[in-house]
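S.K.: what would the 3D arrangement of this be:
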Amino acid sequence: MPFKIAVASGKGGTGKTTVSVNLQYFISRYLTDEVLLVDCDVEEPNDRIFFPQHKIVSDLEVSQSIPEIDLEKCVYCRRCADYCEFNAIVVIPPARFAEINASLCHSCGACSAACREGTIMEKPHPLGTITTIDTGIGKGVVEGALKVGSAMQTLMIKELKKYVSGNRTGSENSEEIILFDAPPGTSCPVVETVADVDYVILVTEPTPFGLNDLMLMVELLVEIEKPFGVVVNKAGLGNSEIYSFLREQEVDLLGEIPFDKDYAGRYAEGKLLQNVDDRWGCCYSGIVKSLERRFQQYEGINYFKW
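M.R.: Residues are numbered from 1 along each chain as shown. Got it, this is the predicted structure:
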């Protein structure tokens, strides 16, 4: 089984994708080439843009099963509406009206089980696309892209993770490490991303907003009992309150990445991995070294090439 790491943050803009992309590069350089990057920010996936020579290996259309009501058979008993936990079904018996809102449906199947008349049938509706990408680094990138207008981020992430765990086109599924680039925030899509990982790397910035959202993310991970450590990005910007919090809570500081306009400019141009400066190489190799104990504890395996 591969060692699974999620890279997450309580807010957007902290550098989560920056860290994810660079970690895959430096893990492939120092640990193992069998490292896969999975872009779980399904509303706006962008990991691939940092690999200008990437090649698309496959595209897979993903659908969700949306129930439809046969109005000719429906007796308007409202059992389906009562069973629906997401208020996706409206039934008005006097008006002989019954309808399922596809944008609210979570494809749980409760309405079909509730219906005694057999009037509900499920039909596939487009959910999004899963793309496998050869980047020339490690095992490449697998990206999930939600259909525009859909609110089913969590379901799309479930399908993406199921695909990564199954038999993928052009892959032998031989990864030793899988990196999940999580969506920002602390909502359901993030919980789904980190639910079954072995370790979480939290990326934050030393600002009041960064500290506030880091505290929310730490509270979440403590609640679901996930081991984690913190990477402080844009170090030197803001104040030192975030370090006081890490000391007080005895949270592992995996490393720091200093704030630098030149580095930010490379990010803006999508050139993070081109001509990597020694300063940034040292930062990321240090973070990778900080993970060494975690890997060694995982089934007693020592991946490192130091």
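S.K.: for the stretch 1-150 of the chain, what spans make up the strands?
M.R.: 3-8, 35-39, 55-69, 89-92, 97-100, 120-134, 141-146 (DSSP state E, counting those that start in this stretch).
S.K.: nearest to residue 285, out of those strands?
M.R.: Distance to residue 285, taken as C-beta to C-beta, is lowest for strand 35-39 among the strands of the stretch 1-150 of the chain, at 14.5 Å. Yep, even glycine has a C-beta here, placed from its N, CA and C like the rest.
S.K.: between the closest one and strand 120-134, how many degrees?
M.R.: Angle between the axes of strand 35-39 and strand 120-134 is 130 degrees (criterion: axes from the mean of the first three to the mean of the last three C-alpha atoms, to 10 degrees).
S.K.: for strand 35-39, packing partners?
M.R.: Under the contact definition 3 or more C-beta pairs under 8 Å, 6 or more residues apart in numbering; DSSP states H and E, strand 35-39 sits against helix 16-30, strand 141-146, helix 153-165, strand 177-181.
S.K.: closest to residue 131 out of those?
M.R.: That would be strand 141-146 among the helices and strands packed on strand 35-39, by C-beta to C-beta, at 4.7 Å.
S.K.: check the residue of the chain most remote from its centre and give its pLDDT.
M.R.: Distance from the C-alpha centroid of the chain peaks at residue 94, with 45.1 Å (C-alpha atoms, centre = their mean). Here, the pLDDT recorded for residue 94 equals 95.
S.K.: which residues of this structure score low on pLDDT?
M.R.: Residue ranges of the chain with pLDDT under 70: 167-173, 272-276, 296-306.
S.K.: which residue ranges make up each domain of it?
M.R.: Following the assignment in automatic domain parsing, the chain carries domains at 3-62+127-297, 71-118.
S.K.: quick check: which of these is buried the most?
M.R.: Using mean count of other C-beta atoms under 10 Å, the stretch among those with the largest mean neighbour count is domain 3-62+127-297, at a mean of 19.
S.K.: from the chain's centroid, how far away is it?
M.R.: Mean C-alpha position of domain 3-62+127-297 versus that of the full chain (C-alpha atoms, centre = their mean, to the nearest Å) differs by 8 Å.
S.K.: between the strands of the stretch 1-150 of the chain, which one is closest to residue 106.
M.R.: Evaluated over the strands of the stretch 1-150 of the chain, closeness to residue 106 peaks at strand 55-69, with 8.4 Å, by C-beta to C-beta.
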